[in-house]
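> got a sequence here, can you model it:
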Amino acid sequence: MADNNAVDEREARIDFVEFPARSSEELARSRDFFGAVFGWQYQMWGEDYADTRRGGVGSGINADPSHRPAQPLVVIYSADLKGARSRVIGAGGRITRDVFSFPGGRRFHFTDPAGNELAVWSDR
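Take a look at the predicted model:
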């Protein structure tokens, strides 16, 4: 029998922070910087994306010009992506990037009423 407690413990918690980079070269410099300073190790996903789980809260560096954030992006986990999207809209948030797939799951981006951009992701 599967234990769903691990998923339930992540629900609605900040799970990931994504840092922007303006190019794959800048991504490499940032990756090398965090590796030298904190010992973080990265998994590369093509030339434009790297992520780590060695920094406590997971983090990534995004140099993909089609969807890199303007500022560091806080990513919140939800087992119910569709429900989270509906709640964001219902509470006055604005969807800035609709649900899309990536290696490991799906997510969407939104802004809160103050204009802060965040994302919600799910592995379901």
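> just the strands from the protein, written as ranges.
Along the chain, the segments classed as strands by DSSP state E run 14-20, 43-44, 49-52, 58-62, 73-77, 94-102, 105-111, 117-122.
> to S30, which of these lies closest?
Nearest of these to S30, taken as CB to CB: strand 58-62 at 5.1 Å. C-beta here means a position set from N, CA and C on the backbone, and glycine is covered the same way.
> contacts for that closest one, please.
15-21, 27, 30-31, 40, 42, 48-52, 68-69, 73 (CB atoms under 8 Å, 6 or more residues apart in numbering).
> for the top helix by length along the chain, what is the average pLDDT?
Taking residue count as the measure and DSSP state H as the definition, the longest helix of the chain comes out as helix 24-38. The predicted model assigns helix 24-38 a mean pLDDT of 88.
> got a pLDDT number for E47?
92.
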